[in-house]
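# Quick one, structure for this:
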Amino acid sequence: MNFGGTIRLNRIGVCIIIGVFVLFLLYMSSNSSGGDAKVAVVKDVSDNNSINLRKLLIAAIQVAEKGGKEVVAVKKDNNLDEKTKGKTKEGVNDPVTKADYKSHCVMYYSLKHWFPTLKVISEEHSSEKDCSNLLFLDLDLNPNTVTSSSISLPDEMIPPEDITVWIDPLDATKEYTENLLEYVTTMVCVAVKGKPIIGVVHKPFGVEPKTSWAWFAVAHTPNLKPINEASYKSLEMATGNVTAYIHTTAIKKWDVCAGNAIVESLGGKMTTLTNELLNYSDTNVVNEKGLLATMAKHEWYLNRLSPSKVKKYPIVTDSSDKNQSAVRRCQLAHTTNIVAEHEIHRLHTVTNDAKLLRPTGPCSWFESEQHVGRLMFNKYLFCTNVGISITLSGVGDVLQQHHEILNGEQDKWNNTRTFNMSISGFTVGIVCHNTYRYLDLFFPGRTFHVVMKKVVLDQLVCSPMYISTFFATMAFLEDSSIKQFVDEMNQKAWKLYVAECAIWPPAQVFNFYFLSPKFRVLYDNTISLGFDVYTSYLKHSPLEEEENVDKKKT
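Got it, this is the predicted structure:
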């Protein structure tokens, strides 16, 4: 049995190598950022005649981060208390959660507490009495607490009547409820005489939450990088990842004000599709004229998006149309093609337009397909993931049994075996769904460090859980004794784990880097169809003791 001895030594070596690799990754991904700044009460933030913009910027950064902590806390408690505000013009549900209101309370009333004369407009509404259980947070308005010491911020005093602050306590609430946490932000925008001057966008989820900010003609976050949702689209464009950000219908001002300030601080431009600057002093919260943001050639883009070029596709505004998101995607595909004819490259479009194109030709099939897709991968994602796992586990056994019958290793079909393998897919599917959910909750994003952490955790923690769940389920279904279960784990589990280590790390890099969280289990099970065949083979291969008994009989 020298072969077995060699394998045992290799297993120990593999564990040591993996452990060293994990420590190396954790070391490389760490940085020197410190914790929360100490609280210091500063009272000279404003008077009845003027407001200090420097201190308002610092306050905006801090309230965005404090609001983000409320959003994270509600998510970790897993008690969203989700409700609906109704439906948008497009028929899409507009959800609101406890996190929206708790973040609003912290952000809105902290600003009003420190700047009583400030006009603040928030997406949410709660009375001060409803927020009484949340303490108004003391703020440290020393610029070095939130900005680099190398950045000099001037003391600019502005009359309070010239200032309007727009806050979005939780941008991307729908994505928040669907665990697409990389798109979640809290935002603050300061407008002076209607012009967006200061923009703050905070990303609360991740190992280390991140905040981006900009003050027009003064300063901005060093190495400004794109973030998320409405802010994500603006920042993607501002940092050169895309050429233009286009929104063809109505959009709320708190969704775009912070991004507008950042875009213009970096030398870009944002207007309506009729080439009008957005006025943020107006309390009308909706911009009905669409949106175009660019870093260059703004007029050139406007000319190519003129109504005469879009009218070649008939526009309808019938809100009774079903499956409108599918229709909107068809519209966006058409619009992108129109602009591409004029050599606009890497055009970035958004998918939540209110104007609709009635689909014709190849787009007509989108309606039913997209409706089913939304049900499967949003509303009923858990059922979809478990169902896929059940199906492919059964299919893997069917393929393996077919091979065994062809080779004469098996006389007839074993239906019970296929049933048991399918049931094991049920239990493993539940484990997979929840482990991916928590991996994406605690490690959102797609940077190299985040992806590698997920891959390592998946191999060191999640894979042993999947394997143990599989063998425990099969032992229960086969009415095996504890000794039989332990023997099978000792002889077979490590082989399955070695096979997983060979197959899954590269597959999971693609999974975590490129795929949306809702498609993780589908992708895994598709890749693992061949692996399921091997799993069925390994599970139903005889143990060493059984092999020895057979040899003695012969």
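# contacts, neighbours, all on C-alpha from now
OK.
# What is the neighbour count of Glu478?
12 (other CA atoms under 10 Å).
# ah, wrong one, I meant Val74
Applying other CA under 10 Å, we find 18 residues neighbouring Val74.
# Wait, it touches Ala99, no?
Yes: contact between Val74 and Ala99 holds when scored by CA atoms under 8 Å: they sit 5.7 Å apart.
# Residues that sit against both of those two, list them.
Counting by CA atoms under 8 Å, 6 or more residues apart in numbering, the contacts common to Val74 and Ala99 are Leu80.
# Please give the element, helix or strand, for Cys189.
Using DSSP states H and E, Cys189 sits within strand 185-192.
# do Ser110 as well
Assigned by DSSP H and E, Ser110 falls in helix 98-114.
# ranges for the strands of the stretch 51-200 of the chain?
Taking DSSP state E, counting those that start in this stretch as the test, the strands found in the stretch 51-200 of the chain are 51-52, 83-87, 93-96, 119-122, 157-158, 163-171, 185-192, 195-203.
# Let me have those in a markdown table, adding distance to Leu522, mean neighbour count and mean pLDDT as columns.
Formatted as a markdown table, these follow (distance: least, CA to CA, whole Å; neighbours: other CA atoms under 10 Å; pLDDT from 0 to 100):
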| stretch | distance to Leu522 | mean neighbour count | mean pLDDT |
| --- | --- | --- | --- |
| strand 51-52 | 53 | 22 | 90 |
| strand 83-87 | 29 | 11 | 75 |
| strand 93-96 | 25 | 17 | 79 |
| strand 119-122 | 38 | 19 | 91 |
| strand 157-158 | 55 | 14 | 90 |
| strand 163-171 | 28 | 27 | 93 |
| strand 185-192 | 27 | 29 | 93 |
| strand 195-203 | 28 | 28 | 91 |
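# Tell me which of those sits nearest to Leu529.
strand 93-96 (35.8 Å; CA to CA).
# Strand partners (parallel or antiparallel) of the closest one?
Partner strands for strand 93-96, per DSSP bridges, with pairing direction: strand 83-87 (antiparallel).
# what residue ranges in the stretch 301-450 of the chain score low on pLDDT?
For the stretch 301-450 of the chain, the stretches flagged by pLDDT under 70 are 306-375, 377-379, 444-446.
# hmm, try it at 50
For the stretch 301-450 of the chain, the stretches with pLDDT under 50 are 308-368.
# And the stretch 101-250 of the chain, by the same measure?
Using pLDDT under 50, the flagged stretches of the stretch 101-250 of the chain are 149-150, 225-229.
# Against Leu153, how distant is Gly259?
Gly259 sits 20 Å away from Leu153, going by CA to CA, to the nearest Å.
# quick one: which of the two has more around it?
Neighbours were counted for Gly259 and for Leu153 using other CA under 10 Å; Gly259 has more, 30 against 16.
# in what helix or strand does the more buried one lie?
helix 253-265.
# Check which element follows that helix along the chain.
Following helix 253-265 in sequence order, the next helix or strand is strand 269-271 (DSSP H and E).
# Which residues does that following strand contact?
By CA under 8 Å, 6+ apart, the residues outside strand 269-271 that reach it are Asn260, Val263, Glu264, Leu277, Leu278, Leu291, Leu292, Ala293, Thr294, Met295, Ala296, His298.
# So for it, mean pLDDT?
For strand 269-271, mean pLDDT rounds to 88.
# Would you list the strands that it pairs with, along with their directions?
strand 291-294 (antiparallel).
# and the strand it pairs with, C-alpha only, in PDB?
C-alpha atoms of strand 291-294 as PDB (Å, rounded to 0.1, in the frame of the first residue of the first chain):
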ATOM      1  CA  LEU A 291     -29.600  62.700 -19.400                       C
ATOM      2  CA  LEU A 292     -26.300  62.700 -21.200                       C
ATOM      3  CA  ALA A 293     -22.900  62.800 -19.500                       C
ATOM      4  CA  THR A 294     -19.600  62.900 -21.300                       C
END
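# Please identify the buried residues of the next helix or strand after it?
As assigned by DSSP H and E, the chain's next helix or strand after strand 291-294 is helix 298-304. Of all the residues in helix 298-304, those buried under the rule 16 or more other CA atoms under 10 Å are His298, Tyr301, Leu302, Arg304.
# Okay, the second one and Arg437: tell me how far apart.
Spelled out, that is Tyr301. Noted for Tyr301: a distance of 40 Å to Arg437, by CA to CA.
# can you check Asp524 too?
Distance from Asp524 to Arg437, counting by CA to CA: 14 Å.
# for Leu170, same thing?
Note on Leu170: its distance to Arg437, by CA to CA, is 20 Å.
# What of Val200?
Noted for Val200: a distance of 28 Å to Arg437, by CA to CA.
# One more: Ile503?
Using CA to CA, Ile503 is found at 22 Å from Arg437.
# same thing with Met465?
Relative to Arg437, and taking CA to CA, Met465 is found at 15 Å.
# Tell me the pLDDT of Val285.
What the model reports for Val285 is a pLDDT of 85.
# Pick the one among the contacts of strand 269-271 closest to Thr249.
Of all these, Thr249 sits closest to Leu291, with 7.5 Å by CA to CA.
# Give me the number of neighbouring residues for the residue nearest to the closest one when sequence neighbours are not counted.
Of all residues not flanking Leu291 in the chain, Thr272 sits nearest, at 4.4 Å (CA to CA, 6 or more residues apart in numbering). Per other CA under 10 Å, the neighbour tally for Thr272 reads 20.
# Which residue ranges make up each domain of this protein?
Using automatic domain parsing, the domain parsing of the chain gives 51-268+275-284, 380-545.
# Quick check: which of those domains has the most neighbours on average?
Of those, the one with the most neighbours on average (mean count of other CA atoms under 10 Å) is domain 51-268+275-284, at a mean of 20.
# Quote the end-to-end distance of it.
23 Å.
# which stretches of the stretch 401-550 of the chain form helices?
In order along the chain, the stretch 401-550 of the chain carries the following helices (DSSP state H, counting those that start in this stretch): 415-442, 448-457, 463-477, 482-488, 494-514, 520-527, 529-539, 544-553.
# can you put those in TSV and add distance to Ser389?
TSV is the format used below for the helices of the stretch 401-550 of the chain (distance: least, CA to CA, whole Å):
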stretch	distance to Ser389
helix 415-442	5
helix 448-457	20
helix 463-477	12
helix 482-488	22
helix 494-514	16
helix 520-527	6
helix 529-539	10
helix 544-553	30
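# Out of those, which gets nearest to Gly387?
With CA to CA, the closest approach to Gly387 among these belongs to helix 415-442: 7.3 Å.
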